[in-house]
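Undergrad: missing the sequence, but the structure's below:
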């Protein structure tokens, strides 16, 4: 019987240099899309998929991230006293039960594979998920829950995937597809950040993974890959051809690359427009900008 997926790793040790000077004071994962931090979107997606144990791979300077998930008794008391029940419910939704979150330090920035490997003792011999908070995926159903529903039939390793322009494949891990079954593909190869002309497809790996503990054993070798870093893609690729195999899943939803400034701004606008309390004012402002730009041409 296949073990139930209950653990997820969140690699959040990066310094967020593309968002300086803001990230001089706060972790990038605490930066907000409208009024919710990036990390909250990732946590909510994991909860929807049934994740019970949350493992954060952090680094120095991430204490604000730990504080965010702690209880705030004084603030809760003030909200309760003022009858602000809606805000109190929102605040309580960010709390995590004692023991639900574990924090592991990644002392050296040696790549995503190394970050995942840091959590190996907390994973032991169980399947686990990896969620990259920079990739915010907006859909009717969370990306990880979509993957989990299919994983229960396939087993093995599974990565979220989406088509990208061929010229942008050099920024991603790219799948070499053995069998395309629509939303699900079986994988015969994975290449990390290939040159565009060498990419086996334009089907790129996005920051959601369901992995077997075999991947952690592959990472024990600490082999350096593209960019001199320990690549998670390489460790997953070693599972291709095994009995369980490797799959890519074309998720349903819009992905925003919130590790880039332009992607972060696009997500902010999209999530703002999705809010009933913000839509009209924001649309009016965007219309004004469009009219002004057209008049200036």
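TA: Received it, and whenever you're ready, just let me know what you need. Here the structure is a predicted model, which means the values were calculated and not measured. Numbers count the residues shown, from 1 in each chain.
Undergrad: ok, which stretches of the stretch 51-200 of the chain are helices?
TA: For the stretch 51-200 of the chain, the helices defined by DSSP state H, counting those that start in this stretch cover 63-68, 73-81, 85-92, 112-118, 120-123, 143-154.
Undergrad: now do the buried residues in the fifth one.
TA: Okay, so that is helix 120-123. 120, 123 (16 or more other CB atoms under 10 Å). (C-beta placed from N, C-alpha, C; glycine too.)
Undergrad: contacts for that helix?
TA: 7, 9, 53, 55, 102, 104, 213, 216, 219, 220 (CB atoms under 8 Å, 6 or more residues apart in numbering).
Undergrad: just the strands in the stretch 101-250 of the chain please.
TA: Counting by DSSP state E, counting those that start in this stretch, one finds strands in the stretch 101-250 of the chain at the ranges 101-105, 128-131, 135-138, 157-163, 173-180, 184-192, 203-211, 246-250.
Undergrad: quick check: closest non-adjacent residue to residue 176.
TA: Of all residues beyond its chain neighbours, the one nearest residue 176 is residue 189 (3.2 Å), with distances taken as CB to CB, 6 or more residues apart in numbering.
Undergrad: for the one you found, what are its contacts?
TA: Per CB under 8 Å, 6+ apart, neighbours of residue 189: 175, 176, 200, 237, 240.
Undergrad: quick one: which of these has the most company?
TA: When neighbours are counted by other CB atoms under 10 Å, residue 175 leads those with 27 neighbours.
Undergrad: find me the pLDDT at that residue, would you?
TA: Note for residue 175: predicted pLDDT of 93.
Undergrad: swap in residue 163?
TA: 93.
Undergrad: could you find the closest non-adjacent residue to it?
TA: With CB to CB, 6+ apart, the residue lying closest to residue 163 is residue 202, at 5.3 Å.
Undergrad: residue 286 sits in which helix or strand?
TA: helix 279-296 (DSSP states H and E).
Undergrad: show me what that helix is packed against.
TA: Packing contacts for helix 279-296, counted by 3 or more CB pairs under 8 Å, 6 or more residues apart in numbering; DSSP states H and E, involve helix 261-273.
Undergrad: hmm, back to that, as JSON lines, the contacts of helix 120-123 with neighbour count, distance to residue 233 and pLDDT would be great.
TA: Below are the contacts of helix 120-123 laid out as JSON lines (neighbours: other CB atoms under 10 Å; distance: CB to CB, whole Å; pLDDT from 0 to 100):
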{"residue": "7", "neighbour count": "20", "distance to residue 233": "21", "pLDDT": "95"}
{"residue": "9", "neighbour count": "27", "distance to residue 233": "15", "pLDDT": "97"}
{"residue": "53", "neighbour count": "17", "distance to residue 233": "24", "pLDDT": "92"}
{"residue": "55", "neighbour count": "22", "distance to residue 233": "20", "pLDDT": "95"}
{"residue": "102", "neighbour count": "15", "distance to residue 233": "25", "pLDDT": "90"}
{"residue": "104", "neighbour count": "17", "distance to residue 233": "21", "pLDDT": "90"}
{"residue": "213", "neighbour count": "15", "distance to residue 233": "17", "pLDDT": "92"}
{"residue": "216", "neighbour count": "20", "distance to residue 233": "15", "pLDDT": "92"}
{"residue": "219", "neighbour count": "24", "distance to residue 233": "11", "pLDDT": "89"}
{"residue": "220", "neighbour count": "10", "distance to residue 233": "16", "pLDDT": "82"}
